[in-house]
Structures are given as structure tokens and as C-alpha cells.
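[1] sequence first, predicted model second:
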Amino acid sequence: MDFSNKTVIVTGAASGIGKATAQAFSRAGANVVLSDWHERALREAEQELPRERTHAVVADVGDAGQARHIVDEALQRFGDLHVVFNNAGILVEGKLEETSEEDWDKIFRVNVAGVFHVSKAALPHLKKRKGCIVNTASVSGIGGDKGMAAYDAVKGAVANLTRAMAIDSGRDGVRVNAVCPTLTRTGMTEPMQHDPQTLKNFIARIPLGRVGEPEDIAKAVLLLASDHAGFITGVNLPVDGGLSASNGQPLFEGEG
């Protein structure tokens, strides 16, 4: 997949899925604008990519003005915009009654309002180039989890926002899709990775027998952003090793 002469914005680019995807776009020839609110990690990620095709913007996507600034910086630095990967997000665990109002508001501000703000700022420019948007939803946005009320709520919102944006933007030539990862080896999921029983339970449920790597998700993002997916829009694509193929019934004894 060739993204030469195309400009891509990646939010949440300082680590994990965002960093791996920024690297993949860069290897494919794109100009990459990395954004994150963790300045030190963002600068380190920037240093790993070609200077002439890379630009970093420290920003909080939950703030409309800062989201517009990301888009403005991309246009000023590279003169155009073709792809937006809305990946910035945080994790809040707990049942509904265990979730504070502060955490509820914060996760919606970052995970949902962030997609809204960046997409709204980018769409006029994407329409000019028949570009595309890829969002990071989750398998938690297409089915529920135990003890993940706020996270399931925001990822469900992103999944359906993806569908709505695809319907509204299709006649303008802008495609909108989302990737829906399962447990992926990132800093955000370290507590789950380091809990042996949780990790065992996940692997038992995943037909391919392993959890995701950031590079697995990055490959799917590039596919959805590429011309190979030119007739695909409004899709929430599970990138989960087959996890969502299950109907949820318990394993038979001895399986896994």
C-alpha cells in the first residue's frame, strides 16, 4: 500500500496502536502528523520517523480548539490532508456504580468528543481530496463486557458515530470506518496483560490463540485507509483474532 504524497493525522500517536500505525504510514511513504497530549513520549516517537515527512503536535483532542490546531498544523506543514486516524483514547474500568462522574465525563471527552472535534475540523479538507477517516472503536463497542461500563459506552458511541459519519459523508467521497481491536499489547492494557488469569481467559476465547499486537491493528488501519478499501465505508471491523465470531457460550471442558 502506497501513501506517498499523502498526509495522515494520527492521534494518540505517542505509544501503542497510534505509534505503530504512524510508523506503518511513514514506511508506506506518507507525511505523518503525530498528535498526543504526552509531550515527552510524542517527541520520542517523532524522532523515530523521517524528519522531512513527520510533524508532531502536542494537543488534547477533547478540546475543540486544540483539535482544530492539529488540522491547521497538518495543512501548514504539508499543505494537504488525506487521512485521519482518530485513535486517542483512555481506559476507565468498573461497573456503573463504581464509576465516578469525573471519570465518566473524562472518558467521553477524550474518546468520543475527540473523534467529533478532529473529524469536524478535518472534513472540509478531506472532502477536497476524497479522503477518509478511520476511528479506533473496540470489540467493546459491538458487545458488552463485565465491569467496563464507561469504556463500553464510549466505544459503542464511536462505533455508531462511524456509521453515521459514513452515511453523511459518502456522497462527498469521504469514507469513514473503524477498527475494533480486542486486548492488544499496549501500555493502556498492561494491568490486564500482567494478570495471568485474565490473559489466559482472553487467549482461551481467541481462535487464533494470542492477543493482538499494535502492528496487527496498524495493518488493518492502513487497509481501510487505502484504495484497496475504496468501496468500503461505515464498517466497524473486528481485528480480534476471531474473538467476535463466538456466540459467547462457554467453552467445552478441555478447550482453550
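    In hand now; what should we look at?
[2] mind giving me the packing neighbours of the helix or strand bottoming out on mean pLDDT in the chain?
    Sorted by mean pLDDT, DSSP states H and E, the helices and strands of the chain end with helix 190-193, the least confident at a mean of 73. Helices and strands touching helix 190-193, by 3 or more CB pairs under 8 Å, 6 or more residues apart in numbering; DSSP states H and E, are helix 196-205. Every residue, glycine included, has its C-beta placed from N, CA and C.
[3] returning to what we had before: how far off centre is the least confident helix or strand of the chain?
    Chain-centre distance of helix 190-193: 19 Å, with CA atoms, centre = their mean, to the nearest Å.
[4] report the buried residues of that helix.
    192-193 (16 or more other CB atoms under 10 Å).
[5] what residues does that helix touch?
    183, 185, 198-199, 202, 211 (CB atoms under 8 Å, 6 or more residues apart in numbering).
[6] and Val92, what element?
    For Val92, there is no host helix or strand (DSSP states H and E).
[7] pLDDT and neighbour count added to the contacts of helix 190-193, as a markdown table?
    Shown next, in a markdown table, are the contacts of helix 190-193 (pLDDT from 0 to 100; neighbours: other CB atoms under 10 Å):
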| residue | pLDDT | neighbour count |
| --- | --- | --- |
| Leu183 | 90 | 23 |
| Arg185 | 85 | 17 |
| Thr198 | 82 | 14 |
| Leu199 | 83 | 14 |
| Phe202 | 86 | 20 |
| Val211 | 90 | 21 |
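[8] of all pairs in the residues you listed, which one is the farthest apart?
    Maximum pairwise distance in those, criterion CB to CB, is 13.1 Å, between Arg185 and Thr198.
[9] which one of the contacts of helix 190-193 sits closest to Leu75?
    Arg185 (33.9 Å).
[10] mind listing what's buried in stretch 143-156?
    143, 148-156.
[11] check the burial of Ile232 by counting its neighbours.
    For Ile232, the neighbour count with other CB atoms under 10 Å is 15.
[12] ok, the one 4 residues further on next?
    Neighbour count for Asn236, taken as other CB under 10 Å: 20.
[13] likewise Ala20?
    Residues near Ala20, counting by other CB under 10 Å, number 23.
[14] wait, it sits on Lys219?
    No - using CB atoms under 8 Å, Ala20 is not in contact with Lys219; the gap is 9.1 Å.
[15] hang on, Met148 packs against Glu93?
    Yes - counting by CB under 8 Å, Met148 touches Glu93, with 6.0 Å between them.
[16] and the buried residues of stretch 143-156, which two are furthest apart?
    The span of the buried residues of stretch 143-156, defined through CB to CB, is set by Gly143 and Ala150 at 15.6 Å.
[17] which secondary structure elements does the lengthiest helix in the chain contact?
    As assigned by DSSP state H, the longest helix anywhere in the chain is helix 149-169. On a contact count with 3+ CB pairs under 8 Å, 6+ apart, helix 149-169 meets helix 101-111, helix 113-129, strand 132-136, strand 175-181, strand 236-239.
[18] out of these, nearest to Phe78?
    That would be helix 113-129 among the helices and strands packed on helix 149-169, by CB to CB, at 11.1 Å.
[19] one step back: reformat the helices and strands packed on helix 149-169 as a markdown table; add mean pLDDT.
    Shown next, in a markdown table, are the helices and strands packed on helix 149-169 (pLDDT from 0 to 100):
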| stretch | mean pLDDT |
| --- | --- |
| helix 101-111 | 98 |
| helix 113-129 | 98 |
| strand 132-136 | 98 |
| strand 175-181 | 98 |
| strand 236-239 | 98 |
